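Asker: Structure for the following, please:
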Amino acid sequence: MRNIISSPAFDAAVELLGGYRAIDAAMAPVIEALASNPYGFPLFESDQFSFRWLITHEIAWVPPLVIVFRIDEDKNVILEHVEEAPDA
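Answerer: Below you'll find the predicted structure:
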């Protein structure tokens, strides 16, 4: 079973957005998708690091969010950062 773990930096970013309760509507489908296939999201790689990201849709009062995560050697998903998506 794959674990989805929030890093301290992710938790701090969530607090800046109003806390988990404020973004719960957007996070529920994200968690489900990450649990089933985190490899289906875009990947950025360099010599120093790699990460994957996704952008949510606006849901009710929650703006679109950019979520950055990585997959560790045990195939767990580590949520690293979240912020409001810039205007597209």
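Asker: for the chain, what spans make up the strands?
Answerer: Counting by DSSP state E, the chain has strands at residues 4-6, 43-45, 50-55, 65-71, 77-84.
Asker: mind checking which of these is nearest Ile31?
Answerer: Proximity to Ile31 (CB to CB) singles out strand 4-6 among these, at 5.8 Å. The C-beta positions use only the backbone N, C-alpha and C, and glycine is treated the same way.
Asker: Give me the contact list for that closest one.
Answerer: If you take CB atoms under 8 Å, 6 or more residues apart in numbering as the criterion, strand 4-6 is touched by 14, 31, 34-35, 76-79.
Asker: Need the strands of the chain in CSV (columns: distance to Asp24, mean pLDDT and mean neighbour count).
Answerer: Formatted as CSV, the strands of the chain follow (distance: least, CB to CB, whole Å; pLDDT from 0 to 100; neighbours: other CB atoms under 10 Å):
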stretch, distance to Asp24, mean pLDDT, mean neighbour count
strand 4-6, 13, 97, 15
strand 43-45, 27, 95, 10
strand 50-55, 16, 96, 15
strand 65-71, 12, 97, 19
strand 77-84, 12, 97, 18
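Asker: Same list as before, these that is, but in JSON lines and with distance to Gly19 included.
Answerer: Listed next are the strands of the chain as JSON lines, based on distance: least, CB to CB, whole Å:
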{"stretch": "strand 4-6", "distance to Gly19": "12"}
{"stretch": "strand 43-45", "distance to Gly19": "28"}
{"stretch": "strand 50-55", "distance to Gly19": "20"}
{"stretch": "strand 65-71", "distance to Gly19": "14"}
{"stretch": "strand 77-84", "distance to Gly19": "12"}
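Asker: I'd like to know which of the ones you listed lies nearest to Tyr20.
Answerer: strand 4-6 (8.9 Å).
Asker: The closest one - which strands sit beside it in the sheet, and in what orientation?
Answerer: strand 77-84 (parallel) (DSSP bridges).
Asker: Residues contacting the partner strand, please?
Answerer: With contacts defined as CB under 8 Å, 6+ apart, strand 77-84 is touched by 2-7, 9-10, 13-14, 17, 23, 34-35, 38, 51, 63-72.
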